[in-house]
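**Student:** Here is a sequence together with a model predicted from it:
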Amino acid sequence: MAIKKYNPTSPARRGMTSEDYDEITAKKPVKALLGSKKQQAGRNNSGRITVRHRGGGVKRHYRLLSHNLPLDTKLTVLEIEYDPNRSARIARVADEKGELHYILASLGMKKGQQINISETAAIENANRLPLSQIPDGSTIYAIELTPGRGAQMVRSAGSYAQLMAKEGEYATVKMPSGEVRKVLLTAQASIGQVGNIQHSNVKIGSAGRKRRKGIRPTVRGVVMNAVDHPHGGGDGGRHGSGKPPRTPWGQLTLGYKTRSRKKNSNKLIVRSRHDNKRKG
């Protein structure tokens, strides 16, 4: 999982880096575990752009991951594969019946490794247990937010959470963002850390590489005309930060909280990630 550097044969290649794919053992995915993925270009079901600066990019097939395998399941790791739709690596595993599944690959996962999903599983890398059976202080990932719904939290490359304490029906978990929240003890989590920890250290290097990812150029508001953006206009001089930043539609951004105060899960947040940043 080292970072690969390129020779500076062009300005774009100078400083460009990429991931080391030595850990990947399979070149082609399992066709039965692939799904079609239509290019949405940032549009919702009404055709309106809800995420800007998206479009183009290479064609990709979606890998169907199993985030909700039942208890008392034993898995054997067959291959470690690349997934173009996520930052983490995925593992091709087989259960006791011989059926194939895709799961998130943890840090240090190898071919032939045995994975146990059980209330009595050992506290070992990639084993999956209810939070009630995991010791305090353990590093966990792929955490269920609602028991039985499957892993929803801590799934990106290199991320992990820490099980801090247990009290009553809830466990206190420190998230990668610094947020401390309560999760039901009946929810499941995997032991360890998501693999591909060097993902965040990759330097894109060139604009074309960004376009192949499906990300289009972003134009700053201060260089637009006043009719196009609240930051636009002026005499061409240097624009200061006299006004709070806004979106092209005039809404406050960068620090403006969008989370509803009436959200039911607010009571489960012990310490906000924003409080953690202010203290730092």
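**Tutor:** Thanks, I have the structure now.

**Student:** Count the residues that sit near the residue lying closest to Met175 once chain neighbours are set aside.
**Tutor:** Nearest residue to Met175, sequence neighbours excluded (Cβ to Cβ, 6 or more residues apart in numbering): Ala161, at 5.3 Å. C-betas here are computed from N, CA, C, even on glycine. By other Cβ atoms under 10 Å, 24 other residues sit near Ala161.

**Student:** Please enumerate the helices of the chain.
**Tutor:** Along the chain, counting by DSSP state H, helices occupy 207-212, 273-279.

**Student:** What separation do you get for the residue in the chain sticking out farthest from the centre and Ala226?
**Tutor:** Within the chain, Asp235 marks the point farthest from the mean C-alpha position, 42.1 Å out by Cα atoms, centre = their mean. Noted for Asp235: a distance of 12 Å to Ala226, by Cβ to Cβ, to the nearest Å.

**Student:** now do Trp249
**Tutor:** Trp249 is 14 Å from Ala226, by Cβ to Cβ.

**Student:** Also Lys59?
**Tutor:** 39 Å.

**Student:** who has more neighbours, those two?
**Tutor:** Each of Lys59 and Ala226 has its neighbours counted (other Cβ under 10 Å); Ala226 has more, 10 against 7.

**Student:** I'd like the distance between the more buried one and Ile215.
**Tutor:** On the measure of Cβ to Cβ, Ala226 and Ile215 end up 27 Å apart.

**Student:** With Ala161 instead?
**Tutor:** Taking Cβ to Cβ, one finds Ala161 at 28 Å from Ile215.

**Student:** repeat for Arg54
**Tutor:** 7 Å.

**Student:** and what of Lys59?
**Tutor:** Lys59 is 15 Å from Ile215, by Cβ to Cβ.

**Student:** Now do the domain split for the protein, please.
**Tutor:** 21-197, 219-280 (automatic domain parsing).

**Student:** Arg209: which of those domains is closest?
**Tutor:** Taking Cβ to Cβ, domain 21-197 is the member of those nearest to Arg209, at 10.8 Å.

**Student:** Where do the strands of the stretch 51-200 of the chain begin and end?
**Tutor:** 62-63, 73-81, 90-94, 100-104, 114-117, 128-130, 139-141, 143-144, 151-153, 161-167, 170-174, 180-184, 188-191 (DSSP state E, counting those that start in this stretch).

**Student:** So which of those is the most surrounded?
**Tutor:** strand 188-191 (a mean of 26; mean count of other Cβ atoms under 10 Å).

**Student:** which other helices and strands contact it?
**Tutor:** If you count contacts as 3 or more Cβ pairs under 8 Å, 6 or more residues apart in numbering; DSSP states H and E, strand 188-191 packs onto strand 128-130, strand 139-141, strand 143-144, strand 151-153.

**Student:** Looking at the ones you listed, which is nearest to Asn85?
**Tutor:** Nearest of the helices and strands packed on strand 188-191 (Cβ to Cβ): strand 151-153, 15.5 Å.

**Student:** ok, that closest one: who's next to it in the sheet?
**Tutor:** Strand 151-153 sits in its sheet next to strand 143-144 (antiparallel), going by DSSP bridges.

**Student:** ok, and what's touching the strand it pairs with?
**Tutor:** 131, 150-154, 161, 173, 183, 187-189 (Cβ atoms under 8 Å, 6 or more residues apart in numbering).
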